[in-house]
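Asker: build the 3D model from these lines:
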Amino acid sequence: MNIKKLAATALIAVSVLMTGCGDAKIGAVDVSKVMDQAPRVKTLMSEAETKAKEAQESYEKEYVNKPGLTEEDVAKAQAELQRKLMGINQAYTSQIKNRLDVVLEEIAREKNIDVVISNAAEDKMIYYGAIDVTDEVIKKMQ
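Answerer: Predicted coordinates:
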């Protein structure tokens, strides 16, 4: 059993104990499916790709095949490009995660769910008994 599954199992067990034996409602979400299908995620990913492409084009315009640049200049520019690309990736990943957190919390409150865990199709943790909220998350991530 890997660490993620062990941690999730422990979290579920603690939740069940804290809410009273057998009274806990567990929700499950396939985050991979949300990332593939949610309109807001698609929009944000497209924006991130556009910004990354713009940064790459700007770098190429300024530094590729320019006479008189030293290897040090090119190395610095490449490092700066990598920082920009990482910053873009982190900013958009953070936006997606924050929106997903808000939507999951909202759905959990609406359905009186005590715990929502990731239950990706390719790495199932719960096969029976959880309330699948994936489609609702996709709808709310407009």
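Asker: contacting residues around residue 91?
Answerer: residue 48 (Cβ atoms under 8 Å, 6 or more residues apart in numbering). All C-beta spots, glycine's among them, are computed from the backbone N, C-alpha and C.
Asker: per-residue pLDDT of it, please?
Answerer: Note on residue 91: pLDDT of 97.
Asker: check which helix or strand covers it.
Answerer: Assigned by DSSP states H and E, residue 91 belongs to helix 71-111.
Asker: which SSE is immediately downstream of that helix?
Answerer: Next element after helix 71-111 (DSSP H and E): strand 115-118.
Asker: and that next one, what does it pack onto?
Answerer: For strand 115-118, the packing partners by 3 or more Cβ pairs under 8 Å, 6 or more residues apart in numbering; DSSP states H and E come out as helix 3-19, strand 26-29, helix 71-111.
Asker: 6 Å - rerun?
Answerer: Packing partners of strand 115-118 (3 or more Cβ pairs under 6 Å, 6 or more residues apart in numbering; DSSP states H and E): strand 26-29.
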